[in-house]
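Asker: using only what follows, build the 3D model:
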Amino acid sequence: MSLSGTVAYFSMEVGLRSDMPTYSGGLGVLAGDTLRAAADLALPMVGVTLLHRKGNFRQTIDQDGWQHESPEEWNVSEHAEELPHRVSVEVEGRTVVLRAWRYSVKGSRGAEVPVFLLDTDLPENQPDDRTFTHYLYGGDPRYRLCQEVVLGIGGVRMLQVLGYGEIACYHMNEGHAALLTLELLEQAAAATGAGAPNRDHVAQVRKRCVFTTHTPVPAGHDHFPMDLVARVLGDRPLFGELADVVRPQSDLNMTYLALNLSGYVNGVAKKHGEVSRGLFPGYAIDSITNGVHSGTWLSPELRDLFDRRIPDWRVDSFSLRGALSVPAEELWDAHRRSKERLLARVAEQTGTLLAPDRLTIGFARRAAAYKRADLLFHDLGRLRSIYREKGPFQLLFSGKAHPQDQGGKDLIHRVHELRRQLGGEIPLLYLENYNMELSGLLVAGVDLWLNNPEPPLEASGTSGMKAALNGVPSLSILDGWWIEGHQEGITGWSIGEQDGHLGQQEDRARDADSLYRKLGDVVLPTYYQRRDQYIDVMRHAIALNGSYFSTQRMVLEYVAKAYCGRRV
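Answerer: Next up, the predicted model:
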C-alpha cells in the first residue's frame with residue numbers, strides 16, 4: 001500500500017509549537033499531531049493553513065474571574081521561512097495578493113513535512129485586506145468568509161505555484177477549507193474548455209477530496225448568507241447550475257459543501273461517526289478515531305523511562321503495550337517528577353504551593369457550556385464531605401473561552417465564584433492562557449484527568465488520550481473516544497452510563513451523583529489506600545490507551561481508508 005501522490009492537508013488552525021499561536025484548541029493541536037505523525041511515517045504530505053500573525057488571543061483573567069483577550073503577536077521570521085512565490089484571489093472584486101511562509105515538521109527518522117502558512121499582510125494589498133490572516137477565528141462573518149477564501153482558494157493556487165502539481169488527495173480538516181472544492185471545480189472546467197463546471201467535474205473533484213468533520217455542535221459548522229457570499233466571491237455560475245451540490249440549503253454551508261464534494265467523509269470517533277450520520281442523513285460517513293503524537297506529548301520523565309524500558313516507542317507507538325512490564329516504582333517515580341514540574345509552574349504562575357502528595361485532579365479544555373466545567377461543584381456540601389471523609393484532593397482548571405462565546409466566559413467566571421465559595425477548604429486554581437506547553441505539563445503532572453461533557457457533544461476529545469499516554473487515568477463521561485478507551489477500573493473510571501440520557505437537568509444531577517460516587521468510593525480510596533492498584537491502572541492506561549490512541553495509528557487508517565482507499 002503506497003500513496004500515488006501528495007496529500008494536501010488543509011486546516012484553519014495548526015498547532016506546531018506553543019510559541020507559534022497558530023491554533024485555538026483541540027482541532028489545531030490534532031492537525032499538528034497529524035503532520036508530525038506523517039513526518040514520522042515519511043508520508044508525502046503537505047500542510048496548508050493561515051499565518052495568524054496576531055494569533056488566537058492571549059487570555060488574562062481578572063480578580064473577579066472574567067476573561068480578557070489581547071493579541072498574541074509573534075516573530076514569524078524566527079520560526080518560518082518566507083517564500084518568494086505569490087498568488088492572488090478575488091475578494092469583493094479586489095485582487096488580494098498572498099505569500100506563504102514555510103515551516104518544516106521533522107519526523108523521528110529524518111523525513112520532513114512542509115507546512116505553508118498563508119499571509120495577506122503585504123504592502124500591495126489594501127489595509128483591510130492585509131488583516132485577513134491576522135486573527136484566528138476573529139471578526140464577523142465577512143472576515144471569516146474572506147479568511148476561508150484565502151485558505152481554500154488561495155491554498156490550492158499556492159500549492160500549484162510551489163510545484164505541487166500532482167496532489168493525489170485534498171484533505172479538509174473541518175469545513176473551513178471547503179472553498180477549495182469550488183476552486184478545483186472551476187479548474188476542472190477550465191481544463192476541459194467548459195464554460196462552467198458540470199456533473200462530470202463534480203465526480204472528478206469528489207475522487208480527490210476527503211473531509212473530516214469534528215463536532216456535532218452547531219458553532220463548528222460555518223454557514224454564510226448568499227448575499228454575503230455574492231459580495232465576497234462574486235457571481236459564479238456554479239451557485240446556480242450546481243446549487244443542489246454546492247449549496248443545498250438557502251445559505252452556503254461549508255459542511256454540506258465539503259460533504260457533497262468529498263469521496264470519503266469521516267467522524268473522529270466511532271460514536272461521533274454514528275452521531276454525524278444522524279445529523280447528516282443520506283451521507284456515507286465513516287469514522288477514524290483521533291489520536292495524539294507520542295513524541296510530542298510524553299513528559300521528559302516518561303520519555304527517559306521508556307527510552308530505557310521500551311526503546312522502540314518513538315517509531316512504533318504500539319510498543320507502548322510494554323508499559324505493563326515497567327516496574328511500578330520506576331513509573332511512579334517518573335510521574336512524581338512530572339508532578340513536581342507541574343506544581344513548580346503552578347507556584348510560579350499563581351503564587352500558591354500545592355501539596356505534592358495530594359491527589360491532583362486536572363480539568364483543562366476550551367471553555368464551552370456543553371463541556372460542563374462546573375459539574376464537579378453541583379453539590380458543594382457533598383463535595384466537602386468527600387474531601388473530609390474520603391481523602392483530600394486539589395483541583396487544577398484551565399481553558400479559554402472564544403471571545404464571542406459569552407456562555408463560555410460565564411462558565412470561567414462561575415468556576416472562580418465557586419472557588420470563593422469553597423473558601424480555600426478545597427484547593428482550586430484556574431491557570432490562565434492555556435496553550436500547548438501548559439497542556440503538556442497538566443496531562444503529565446496531575447493524578448487524575450476529569451472530563452464531563454454533555455453527551456453526545458464530545459466528538460472525540462484528545463486531552464484524555466494525552467493523559468493516558470502519560471499514565472494518568474481518566475474519570476470521564478462515556479462519550480467521544482472514552483467509549484472506546486474505557487475499561488472500568490483498568491484504564492480509568494466512567495461517570496454515568498452510556499446512552500439512556502434523560503432531560504438536561506436530570507442528566508446533570510445524575511452525572512454529578514455518579515461523579516461523586518466514583519471519586520469518593522473508588523478513586524480516592526484506591527489512590528491513598530491501594531497505591532499499587534492505582535499504579536496498575538496507570539500502567540494499563542499507557543499500555544492499552546497510550547499505545548492505540550496515537551496519530552501513528554490514526555494516520556495509517558487514513559492512508560488505508562481515505563488516501564489509498566476507494567473514494568467515489
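
Asker: all helices for the stretch 351-500 of the chain, in order.
Answerer: Ranges of helices within the stretch 351-500 of the chain are 380-390, 406-422, 436-445, 463-469, 482-485, based on DSSP state H, counting those that start in this stretch.

Asker: right, and those helices - which one's nearest residue 289?
Answerer: Proximity to residue 289 (CB to CB) singles out helix 482-485 among the helices of the stretch 351-500 of the chain, at 6.1 Å. For glycine as for every other residue, the C-beta is placed from the backbone atoms N, C-alpha and C.

Asker: show me what that closest one is packed against.
Answerer: helix 270-279, helix 463-469, strand 474-477, strand 492-495 (3 or more CB pairs under 8 Å, 6 or more residues apart in numbering; DSSP states H and E).

Asker: in space, what's closest to residue 48 - neighbours in sequence excluded?
Answerer: Leaving aside its chain neighbours, residue 48 sits nearest to residue 155 (4.1 Å; criterion: CB to CB, 6 or more residues apart in numbering).

Asker: which SSE is the one you found in?
Answerer: Using DSSP states H and E, residue 155 sits within helix 155-161.

Asker: may I see the buried residues of that helix?
Answerer: 155, 156, 157, 158, 159 (16 or more other CB atoms under 10 Å).

Asker: does the fourth one touch residue 87 like I think?
Answerer: Looking back up the chat, that one is residue 158. Yes. Contact criterion CB atoms under 8 Å: residue 158 and residue 87 qualify, at 5.1 Å.

Asker: any common contacting residues for the two?
Answerer: Shared contacts of residue 158 and residue 87, defined by CB atoms under 8 Å, 6 or more residues apart in numbering, comprise residue 98.

Asker: now do the contacts for residue 518.
Answerer: Listed by CB under 8 Å, 6+ apart, the contact partners of residue 518 are 475, 493, 494, 495.

Asker: and the pLDDT at the nearest residue to the first one once chain neighbours are set aside?
Answerer: If you skip the residues right next to it in sequence, residue 475 has residue 493 as its closest partner in space, 4.9 Å away by CB to CB, 6+ apart. You'll see residue 493 listed with a pLDDT of 98.

Asker: ditto for residue 422
Answerer: pLDDT recorded at residue 422 is 93.

Asker: who's in contact with it?
Answerer: Listed by CB under 8 Å, 6+ apart, the contact set of residue 422 reads 380, 384, 428.

Asker: count the residues that sit near residue 137.
Answerer: Per other CB atoms under 10 Å, the neighbour tally for residue 137 reads 17.

Asker: what's the closest non-adjacent residue to it?
Answerer: residue 24 (6.1 Å).

Asker: distance of the residue nearest to residue 48 from residue 164?
Answerer: In this view, residue 155 and residue 164 are 11 Å apart by CB to CB, to the nearest Å.

Asker: hey, what's in contact with both of the two?
Answerer: In contact with both residue 155 and residue 164: residue 8, using CB under 8 Å, 6+ apart.

Asker: which SS class is the residue nearest to residue 137?
Answerer: At residue 24, secondary structure determined by DSSP: H, G, I helix; E, B strand; the rest coil is coil.

Asker: correct me, but it touches residue 13?
Answerer: Yes. Counting by CB under 8 Å, residue 13 is a contact partner of residue 24 at 5.4 Å.

Asker: can you list the strands that the lengthiest strand in the chain pairs with?
Answerer: If you go by DSSP state E, the chain has its longest strand at strand 94-106. Sheet pairing for strand 94-106, assigned by DSSP bridges, gives strand 81-82 (antiparallel), strand 87-91 (antiparallel), strand 112-119 (antiparallel).

Asker: can you redo the ones you listed as JSON lines with mean pLDDT, mean neighbour count and distance to residue 282?
Answerer: Output for the strands paired with strand 94-106, formatted as JSON lines (pLDDT from 0 to 100; neighbours: other CB atoms under 10 Å; distance: least, CB to CB, whole Å):
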{"stretch": "strand 81-82", "mean pLDDT": "98", "mean neighbour count": "12", "distance to residue 282": "45"}
{"stretch": "strand 87-91", "mean pLDDT": "98", "mean neighbour count": "20", "distance to residue 282": "32"}
{"stretch": "strand 112-119", "mean pLDDT": "98", "mean neighbour count": "22", "distance to residue 282": "34"}
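
Asker: need the ones you listed in TSV (columns: distance to residue 486).
Answerer: Shown next, in TSV, are the strands paired with strand 94-106 (distance: least, CB to CB, whole Å):
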stretch	distance to residue 486
strand 81-82	44
strand 87-91	46
strand 112-119	32
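
Asker: between the ones you listed, which gets nearest to residue 46?
Answerer: Judging the strands paired with strand 94-106 by CB to CB, what sits closest to residue 46 is strand 112-119, at 5.4 Å.

Asker: I'd like to know which elements the helix or strand just after the closest one is packed against.
Answerer: Downstream of strand 112-119, the next assigned helix or strand under DSSP H and E is helix 141-148. On a contact count with 3+ CB pairs under 8 Å, 6+ apart, helix 141-148 meets strand 223-224, helix 226-233.

Asker: now do the same contact list for residue 372.
Answerer: Residue 372 neighbours (CB under 8 Å, 6+ apart): 452, 453, 454, 508.

Asker: how about JSON lines for the helices and strands packed on helix 482-485, with distance to residue 191 and mean neighbour count added?
Answerer: Listed next are these as JSON lines, based on distance: least, CB to CB, whole Å; neighbours: other CB atoms under 10 Å:
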{"stretch": "helix 270-279", "distance to residue 191": "33", "mean neighbour count": "20"}
{"stretch": "helix 463-469", "distance to residue 191": "43", "mean neighbour count": "29"}
{"stretch": "strand 474-477", "distance to residue 191": "50", "mean neighbour count": "28"}
{"stretch": "strand 492-495", "distance to residue 191": "53", "mean neighbour count": "24"}
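
Asker: any idea of the pLDDT on residue 1?
Answerer: Listed pLDDT for residue 1 reads 44.

Asker: correction: residue 502
Answerer: 40.

Asker: and if you look at residue 336?
Answerer: So, for residue 336, pLDDT stands at 98.

Asker: so which helix or strand takes in it?
Answerer: With elements taken from DSSP H and E, the one containing residue 336 is helix 328-350.

Asker: run through who's touching that helix.
Answerer: Outside helix 328-350, the residues touching it (CB under 8 Å, 6+ apart) are 299-302, 304-305, 309, 323, 352-354, 356, 360, 396, 429, 431-432, 438, 441-442, 444-447, 470-472, 531-532, 535-536, 538-539.

Asker: show me which of these are buried.
Answerer: 299, 301-302, 305, 323, 354, 360, 396, 429, 431-432, 438, 441-442, 444-447, 470-472, 535-536, 538-539.

Asker: thinking again about what came up before, overlap in contacts of residue 24 and residue 13?
Answerer: 56, 136, 137.
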